[in-house]
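A.B. asks: Provide a 3D model corresponding to the input given below.
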Amino acid sequence: MVQSMGATGVCRDNAAAKAFFGTLKRELANRRRWKTRAHASRDLARWIEGWFNTRRLHSTLDYHTPIEYENLSSSLLSTTYPGNDNERSCPECFSDSTST
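C.D. replies: Model prediction:
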């Protein structure tokens, strides 16, 4: 498993990944052992989907869960850029070199 993400020089992506893996190790991996990789994989998925994304508050997300924050961001983008059903609705956030 590779713990780094993003391109070279993109410190924010790497910091978020390091924080995630640190939390994963502290709250799950260092607390128990698994008999098989399948058991570990199952518990990892449960921890991410059942705790980390749905109930755990994140200070970097203004003390919201990732799912709450994503929903808030989606509703903000849809009110800021009405009528744009495209996922890439924020023109300042995304650049497409193929568009003219």
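A.B. asks: what's the helix ranked longest in the chain packed up against?
C.D. replies: Determined from DSSP state H, the single longest helix within the chain is helix 11-27. When contacts are defined as 3 or more CB pairs under 8 Å, 6 or more residues apart in numbering; DSSP states H and E, helix 11-27 packs onto helix 37-47. Any C-beta I mention is one placed from the backbone N, CA and C, and that applies to glycine too.
A.B. asks: buried residues, the helix or strand immediately after the helix it packs on in the chain. List them.
C.D. replies: Counting by DSSP states H and E, the next helix or strand C-terminal to helix 37-47 is helix 66-80. Buried residues in helix 66-80, counting neighbours by 16 or more other CB atoms under 10 Å, are found at 66, 68-69, 77.
A.B. asks: now helix 66-80: mean pLDDT?
C.D. replies: Taken as a whole, helix 66-80 has an average pLDDT of 81.
A.B. asks: please renumber so the chain begins at 621
C.D. replies: Sure thing, new numbering starts at 621, so read that last one as helix 686-700.
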